[in-house]
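Colleague: please find the sequence and the predicted model below.
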Amino acid sequence: MTVPAPSTRPIRVVVAKPGLDGHDRGIKVVARALRDAGMEVIYTGLHQTPQQIVAAALAEDADAVGLSVLSGSHMTQFRSVVDLLAEADASDIIVFGGGIIPPADITELAEIGVHGIFTPGAPTTAIVDWVREQVAPRLAAE
């Protein structure tokens, strides 16, 4: 029996700023770090709705979606993206996020399916390594 070689295509990540938060320096730093690590990064821009973010993730055949919220609406915005991905039968797309997120919310976010949370000061190398680790099983299954 021949085992197929693991996928060699780049990891595809959609990064987005949901809601009315207009501070995008952090997400641009993360997008650049992911790109510099060899990933294909699609930045959807500011003021995106969860529906727009999920549509982009599906259209771009994303492996992961990275969300950045500094406005305090992370619980609502992240949950909406996770729920819409599930409705689209795309729960295999990994969701991670960052921003001003209180430690008490991190556990609840993990429970709804946002397993990677990176708060201000997180090293970009940690984010890159985490995305690679999380997406590896998805690529290996291709």
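Modeller: Yes, it's here.
Colleague: same for the longest helix along the chain, what does it pack against?
Modeller: The single longest helix within the chain, with elements called by DSSP state H, is helix 124-140. Contacts defined by 3 or more Cβ pairs under 8 Å, 6 or more residues apart in numbering; DSSP states H and E place helix 124-140 against helix 25-36, strand 64-69, strand 94-99, strand 114-118. Just so you know, the C-beta spots here come from the backbone N, C-alpha and C atoms, and that holds for glycine as well.
Colleague: looking at the ones you listed, which is buried most?
Modeller: strand 64-69 (a mean of 25; mean count of other Cβ atoms under 10 Å).
Colleague: quick one: the longest helix of the chain to strand 94-99, angle?
Modeller: Angular relation of helix 124-140 and strand 94-99 on a 0 to 180 degree scale: 170 degrees, by axes from the mean of the first three to the mean of the last three Cα atoms, to 10 degrees.
Colleague: helix 124-140: which residues count as buried?
Modeller: By 16 or more other Cβ atoms under 10 Å, the buried positions in helix 124-140 come out as 127, 128, 130, 131, 132, 134, 135.
Colleague: for the closest residue in space to residue 10 that isn't next to it in sequence, phi and psi?
Modeller: Once flanking residues are discounted, residue 10 sits nearest to residue 40: 4.8 Å by Cβ to Cβ, 6 or more residues apart in numbering. With angles defined as degrees, to the nearest 10, residue 40 sits at phi -90, psi 120.
Colleague: contacting residues for residue 40?
Modeller: 10, 11, 12, 13 (Cβ atoms under 8 Å, 6 or more residues apart in numbering).
Colleague: which one of these has the most neighbours?
Modeller: When neighbours are counted by other Cβ atoms under 10 Å, residue 13 leads the contacts of residue 40 with 27 neighbours.
Colleague: please report how far that one lies from residue 104.
Modeller: 27 Å (Cβ to Cβ, to the nearest Å).
Colleague: rewinding a little: mind putting the contacts of residue 40 in a markdown table, distance to residue 67 and pLDDT included?
Modeller: Below are these laid out as a markdown table (distance: Cβ to Cβ, whole Å; pLDDT from 0 to 100):
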| residue | distance to residue 67 | pLDDT |
| --- | --- | --- |
| 10 | 20 | 96 |
| 11 | 17 | 97 |
| 12 | 16 | 98 |
| 13 | 11 | 98 |
